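K.L.:
Got a predicted model here, sequence first, then my questions.
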Amino acid sequence: MSKDFRMKLEKLFDVLGEILAFITIVVWVLVIINQNFNFLPSTIADILSVSKSWLLLALVGIVGFEATIKRNILIRLVFYILLAILIIFHCFPGTYDYLVGLIK
């Protein structure tokens with residue numbers, strides 16, 4: 001990737017990260033207030049409750065992409081591998097037990 005392209009991507013990730021951070025904060029505030037005052041319908045409360053962990057995962061990914069886009073390839077690869085491991089274990093919670101079972 002050329003340096004110009006990476007700098008444009010960094011700006012894009014910066015804007016996306018700012019928007020996603022704001023949305024994440026709003027969702028977390030709504031979930032916390034709803035736990036105390038119970039003003040949202042149960043369907044919307046369930047959707048917000050599930051989406052708060054996904055929003056955090058997306059926010060970490062975008063901010064990580066922004067932080068590593070200007071670094072060397074080794075740092076980017078380490079971040080990509082760690083993010084992939086995080087996503088795999090988040091999406092498939094039984095994966096760790098399966099892998100440990102294969103080792104034993």
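P.N.:
Arrived safely, thanks for sending. Numbering: from 1, shown residues only.

K.L.:
In space, not sequence, find me the middle residue of this structure.
P.N.:
By Cα atoms, centre = their mean, the chain has its centre lying nearest to Leu57, at 1.7 Å.

K.L.:
neighbours around the closest residue to that residue other than its chain neighbours, how many?
P.N.:
Taking Cβ to Cβ, 6 or more residues apart in numbering, and ignoring the residues beside it in sequence, Leu57 has His90 as its nearest neighbour in space, at 6.2 Å. For the C-beta atoms, the positions are set from N, CA and C on the backbone; glycine is no exception. His90 sits with 13 neighbouring residues when counted by other Cβ atoms under 10 Å.

K.L.:
How about the one 4 residues further on?
P.N.:
Using other Cβ under 10 Å, Gly94 has 9 neighbouring residues.

K.L.:
do the same with Thr68
P.N.:
Applying other Cβ under 10 Å, we find 19 residues neighbouring Thr68.

K.L.:
quick revisit: the residue nearest to the centre of the chain is in contact with Ile87, isn't it?
P.N.:
Yes - using Cβ atoms under 8 Å, Leu57 is in contact with Ile87, at 7.0 Å.

K.L.:
right, and the residue nearest to Leu57 touches Leu56 too?
P.N.:
No - applying Cβ under 8 Å as the test, His90 and Leu56 come out as separate, 10.0 Å apart.

K.L.:
any weak-confidence spans in this protein?
P.N.:
Filtered on pLDDT under 70, the chain yields the residue ranges 1.

K.L.:
Where do the helices of it begin and end?
P.N.:
Counting by DSSP state H, the chain has helices at residues 3-37, 42-68, 73-91, 95-103.
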